[in-house]
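Novice: Give me a 3D structure for the following:
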Amino acid sequence: MDFKPKPGVPLGKRFTHVYRERGKATTDSNKMRHRFGSLLDGYGQKFEQFAERELGVPTPWSTSASWKTLLAKWDLDDLLDIPTVLTDYLKAKGGEASARIVLREINRIFEEENVSYRVDTNGGVHFLHDHEFEVNARATLAGLGLPRYANSKDRFESGMTAINAAVPDGKTAIRNVFEAAEGLFRLIVPKAHRLAGDQVVALEPLLQRKYDGDKTAQAAAAKLLASFKDWIEACHFYRHEAGKPDEIHQPSLELAVHLVSVGAAFIRLLVELDEGAGG
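Specialist: As a prediction, the model looks like this:
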């Protein structure tokens, strides 16, 4: 008698793809590295030589080690350059169709090993959160274009660099985005020495004036101000006291992305309030 699982359970899928708890996407994986090694084994010495020349790290071309052995030891950023180098190699040989096939295979490896990357149609590897960050960052940087906001712009850009590194530094990203917001807050409220939850009440008159005559908008703005206070207090968990050892653990990438994204939105709000106040 043919066996059929309960409704909704896919047929013909690997056990681990159906029943294993995936959890949150990670930034690295031993199985991903091993599968990359197996994938590269089929491209021969000409590709090995090309990859070594492009990346400046040993490949099987100049060593007795296999791809699987080498990739287990490579820095993550070098490993994530491999899809781009392989795509360039195949296209240079006129292998457009081969490049499309291998890129689909690489994305399948990323997906199945639950790592937080995807490769684009030209072989570039990106974080899964890149699209949201690109839109968010552009809007925020556009608002920080005036010389008055130069310090906050520098801090925000440093935060983006930290979270978009090959090994994301969420802690530094949160701190730098917070400092960007703090710099703007102090422009609006010169008497404030720092950005703290109990200080944001100083923004209430500006928000109420901004939406004067619209009681619904004013009520919504009051809730927005309360959420700004919550964001400030959430970021304080990752602040580092100068002169003391930094013993704070890295946040998960997911949490860092949320805090940085929300911070970018509040930075845009602060710019609006500063401009409305005649800054």
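Novice: domain parsing for this structure?
Specialist: The record's domain parsing of the chain by automatic domain parsing lists 15-127, 130-276.
Novice: Out of those domains, the one nearest Asp2 is which?
Specialist: domain 15-127 (17.8 Å; CB to CB). Heads up, the C-betas are built off the backbone N, CA and C, glycines and all.
Novice: Quick one: distance of the closest one to the chain centre.
Specialist: Distance, stretch centre to chain centre, for domain 15-127: 20 Å (CA atoms, centre = their mean, to the nearest Å).
Novice: that older thread, generate a markdown table for the domains of the chain, with mean neighbour count and distance to Asp2 as supplementary columns.
Specialist: Listed next are those as a markdown table, based on neighbours: other CB atoms under 10 Å; distance: least, CB to CB, whole Å:
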| stretch | mean neighbour count | distance to Asp2 |
| --- | --- | --- |
| domain 15-127 | 16 | 18 |
| domain 130-276 | 17 | 41 |
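Novice: Need those domains in CSV (columns: mean pLDDT).
Specialist: Putting the domains of the chain into CSV (pLDDT from 0 to 100) gives the following:
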stretch, mean pLDDT
domain 15-127, 89
domain 130-276, 88
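Novice: Make JSON lines out of those domains and add distance to Pro7.
Specialist: Converted to JSON lines, the domains of the chain look like this (distance: least, CB to CB, whole Å):
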{"stretch": "domain 15-127", "distance to Pro7": "14"}
{"stretch": "domain 130-276", "distance to Pro7": "31"}
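Novice: Next, His126: secondary structure please.
Specialist: Under DSSP: H, G, I helix; E, B strand; the rest coil, the three-state class of His126 is strand.
Novice: Tell me what it is bridged to.
Specialist: Arg118 (DSSP bridges).
Novice: For it, give me its contacts.
Specialist: Counting by CB atoms under 8 Å, 6 or more residues apart in numbering, His126 makes contact with Tyr117, Arg118, Val119, Asp120.
Novice: which residues in this protein form helices?
Specialist: 15-19, 30-40, 44-55, 67-71, 76-79, 82-92, 96-112, 130-143, 150-163, 170-188, 204-210, 215-236, 253-276 (DSSP state H).
Novice: Of those helices, which is nearest Gly197?
Specialist: That would be helix 215-236 among the helices of the chain, by CB to CB, at 4.3 Å.
Novice: what's that closest one in contact with?
Specialist: Looking at what lies outside helix 215-236 - CB under 8 Å, 6+ apart - the contacts are 174-175, 177-178, 181, 195-198, 200-201, 203-204, 207-208, 210-212, 259, 262-263, 266, 269.
Novice: if we go to 7 Å?
Specialist: Helix 215-236 is contacted by residues 174, 178, 195-197, 200, 203-204, 207-208, 211, 259, 262-263, 266 when judged by CB atoms under 7 Å, 6 or more residues apart in numbering.
Novice: relative to helix 170-188, how tilted is that helix?
Specialist: 130 degrees (axes from the mean of the first three to the mean of the last three CA atoms, to 10 degrees).
Novice: Please export the C-alpha coordinates of helix 215-236 as CSV.
Specialist: Provided in CSV are the C-alpha atoms of helix 215-236 (Å, rounded to 0.1, in the frame of the first residue of the first chain):
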residue,chain,number,x,y,z
LYS,A,215,-6.0,65.8,16.1
THR,A,216,-5.8,62.3,14.6
ALA,A,217,-2.3,63.0,13.3
GLN,A,218,-1.3,64.5,16.6
ALA,A,219,-2.4,61.4,18.5
ALA,A,220,-0.6,59.2,16.1
ALA,A,221,2.5,61.4,16.4
ALA,A,222,2.4,61.0,20.2
LYS,A,223,2.4,57.2,19.8
LEU,A,224,5.3,57.6,17.4
LEU,A,225,7.2,59.6,20.0
ALA,A,226,6.6,56.8,22.5
SER,A,227,8.0,54.2,20.1
PHE,A,228,11.1,56.5,19.6
LYS,A,229,11.6,56.3,23.4
ASP,A,230,11.3,52.5,23.2
TRP,A,231,13.9,52.4,20.4
ILE,A,232,16.3,54.5,22.4
GLU,A,233,16.0,52.2,25.4
ALA,A,234,16.4,49.1,23.3
CYS,A,235,19.6,50.5,21.8
HIS,A,236,21.0,51.3,25.3
